[in-house]
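S.K.: Predicted structure and sequence below. I'll ask about it afterward.
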Amino acid sequence: MSTDAQTPTAQASSQDSAETPPLAQKILLVTDAWEPQVNGVVRTLSNTMGELRAMGCEVEVISPADYPNTVPLITYSEIRLALGARADVEDRFLEFKPDAVHIATEGTLGWDARAVCLKHKFPFTTSYHTQFPEYVTARFNWIPLWAGYRFMHAFHDKSGRVMVATPTMQKQLELQGFRNTAIWSRGVDIEQFHPRLRGIDGGVYPADLPRPIFAYVGRVSVEKNIEAFLKTELPGSKVVVGGGPALEELRAKYPNVIFTGPKFGEELARHYADADVFVFPSFTDTFGLVILEAAATGTPVAGYIAPGPQDILPGTGAGIVDNDLQKACLEALKLKREDARALAEKYSWRACAEDFRRNLEPLPKERGRRFWHKLADLRKRAKERRQIARDKKAAERARK
C-alpha cells in the first residue's frame, strides 16, 4: 500500500484540523462593566478572565477604570461610561495585537471597540448579559420594546457570535431576528458558597425572626421585579439583601420586610445559606448567577418561568418555576437542600471559560501575522498624527 494513501476518515480529519482556527491565546476584553462594580456581569467576566489566565492565555482588559473622564449611566450610577476613549482603545488594540476581541457590553467603550474592529476588518464577538430592551421599557414605559431591539441589533449584528447564557435566551433572540448566537454558560464558586455556612453562631438572621425565611439577593431596582415577591403572601419572613435605587422606597413601603443593604464575601454567602428559600422574581435577567450561588449553599430556589430559572431548575430538585410565585415559593420549601447543592456542583468557572474561548473568533494564524505586520506602520502614523494635533493645540493655548 502506498504510504501517501489516506483513508476517508484520515482525510476528513486532516481537512478539519486545517480548517479549524486555533484557539485564541491573546484575548482582548472590552467592557463597560468591571471592578470595582459588584454585579453578575462583573463576576462572570472577572472569573472567566481569571480562568483563561490560569489556562495560559494572555488577557488584556479595557474598562472604565482606565479612564478619568467618565459619567454615570442613567438609572445605574454604579456603571461609569468612559468618554473620548476611542483613540486610546485603538492604540491598545494595535499594541496588544490580540488573537481575538470580545466586546462584553453595549456602552461607550463597547461602541468604541466595535468601531475600531470594523475599521480594521478584525472579527469580534459580543455577549448579551441583560435583556436591555425589557430593562429600558420597565424603567421608561414610553420607550417601545422594538426601539430597544433596534439598538441591540445595531450593536450586535456585526458580531461573529453573540454569546448568551441559556437556550431560552438564545431562542428569544432568534425570534427577534438574531442569527449569530452561541451558548456561554455560567459558573459558581462552590467553596465560597457552601452549606457548611448555614447556622454558624446561630445564623445571620435574628433568632426571633419568624420562619421560614424567604430571601432575595441582588440589585434593588425596578427591573428586578422585587415587588412581585414583596406582595406575595407567604408564611414566615421576607429578606432583601442588596442595594440599589429602589431600596429606600421599598423599605418605606414594606416595613415588615427586612432590608439588609449590600453584603459581600462570607457574610453574603451566609445570608444565602441561612435562608429557607431563595426567591428570584426577575424577568429581565439572562441567567441569574445568584440562582447558582443560592443553590451552592443548599438553599432551594423559587422563580417565574423566565430565562434563567426555566433553563437551570426544572427536573433538578433544586428549585421550582411557576407563573404563580406563591406556589413556587411554597413548593420550594419542600425540596431537599442537598439537591440544590448537587445542581451547583455541576457548574464551574473553568467550564464557563472553556465555553467562552471556543466561542471566540480568532484570526487564523497565517492571516494574523500578515494583519499585524500591515498595521504596524498604521499605528506609527496614527501616533504621529495625534502627537502633531496635541502639539498644535498646545501652541494655540500658549498664544492665547
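M.R.: That came in fine, so what should we check first? Because the structure is a prediction, the values reported are computed rather than measured.
S.K.: Strands of the stretch 201-350 of the chain, start to end?
M.R.: Taking DSSP state E, counting those that start in this stretch as the test, the strands found in the stretch 201-350 of the chain are 213-217, 237-241, 258-261, 277-280, 301-303, 319-321.
S.K.: Return the list of strands paired to the second one, each annotated with direction.
M.R.: When sheet partners are counted by DSSP bridges, strand 237-241 sits next to strand 213-217 (parallel), strand 258-261 (parallel).
S.K.: Ok, the last one next?
M.R.: If you go by DSSP bridges, strand 319-321 pairs up with strand 301-303 (parallel).
S.K.: Please list the residues outside the partner strand that contact it.
M.R.: Residues from elsewhere that reach strand 301-303, judged by C-beta atoms under 8 Å, 6 or more residues apart in numbering: 214, 277-282, 288, 291, 294-295, 309-310, 313, 318-322, 325, 328-329, 331-332, 340. To be clear about C-beta, it is placed using only N, CA and C from the backbone, and glycine gets the same treatment.
S.K.: quick one on the thing from earlier: can I get the strands paired with strand 237-241 in TSV including distance to V136 and mean pLDDT?
M.R.: Shown next, in TSV, are the strands paired with strand 237-241 (distance: least, C-beta to C-beta, whole Å; pLDDT from 0 to 100):
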stretch	distance to V136	mean pLDDT
strand 213-217	22	98
strand 258-261	26	97
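S.K.: Which of those strands sits closest to S63?
M.R.: Nearest of these to S63, taken as C-beta to C-beta: strand 213-217 at 24.5 Å.
S.K.: Can I get the closest one in CSV, CA atoms only?
M.R.: C-alpha atoms of strand 213-217 as CSV (Å, rounded to 0.1, in the frame of the first residue of the first chain):
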residue,chain,number,x,y,z
ILE,A,213,-37.2,32.8,55.7
PHE,A,214,-37.7,33.7,52.0
ALA,A,215,-34.8,35.8,50.7
TYR,A,216,-33.9,37.8,47.6
VAL,A,217,-30.3,38.8,46.9
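S.K.: can you list contacts of it?
M.R.: Residues contacting strand 213-217 (C-beta under 8 Å, 6+ apart): 205, 226, 229, 234, 236-242, 263, 268, 271-272, 274-281, 290, 293-294, 299, 302, 329.
S.K.: try 7 Å
M.R.: Here strand 213-217 makes contact (C-beta atoms under 7 Å, 6 or more residues apart in numbering) with 205, 226, 229, 234, 236-242, 271-272, 274-279, 290, 329.
S.K.: Now that strand: buried residues?
M.R.: Neighbour-count burial for strand 213-217, with 16 or more other C-beta atoms under 10 Å as criterion, is recorded at I213, F214, A215, Y216, V217.
S.K.: so where do the helices sit in the stretch 1-150 of the chain?
M.R.: Along the stretch 1-150 of the chain, counting by DSSP state H, counting those that start in this stretch, helices occupy 8-19, 40-54, 86-96, 108-119, 132-139, 145-156.
S.K.: tell me what the third one is packed against?
M.R.: Using 3 or more C-beta pairs under 7 Å, 6 or more residues apart in numbering; DSSP states H and E as the contact criterion, the secondary-structure elements in contact with helix 86-96 are strand 26-30, strand 58-62, helix 108-119, helix 365-399.
S.K.: What residues of that helix count as buried?
M.R.: R86, D88, V89, E90, R92, F93, L94, F96.
S.K.: Flag whichever of those scores worst on pLDDT.
M.R.: Here the lowest pLDDT out of the buried residues of helix 86-96 sits on L94, with 92.
S.K.: Return the distance of that one relative to M55.
M.R.: As for L94, its distance to M55 is 25 Å (criterion: C-beta to C-beta, to the nearest Å).
S.K.: just T44 next, same as before
M.R.: T44 is 16 Å from M55, where distance means C-beta to C-beta.
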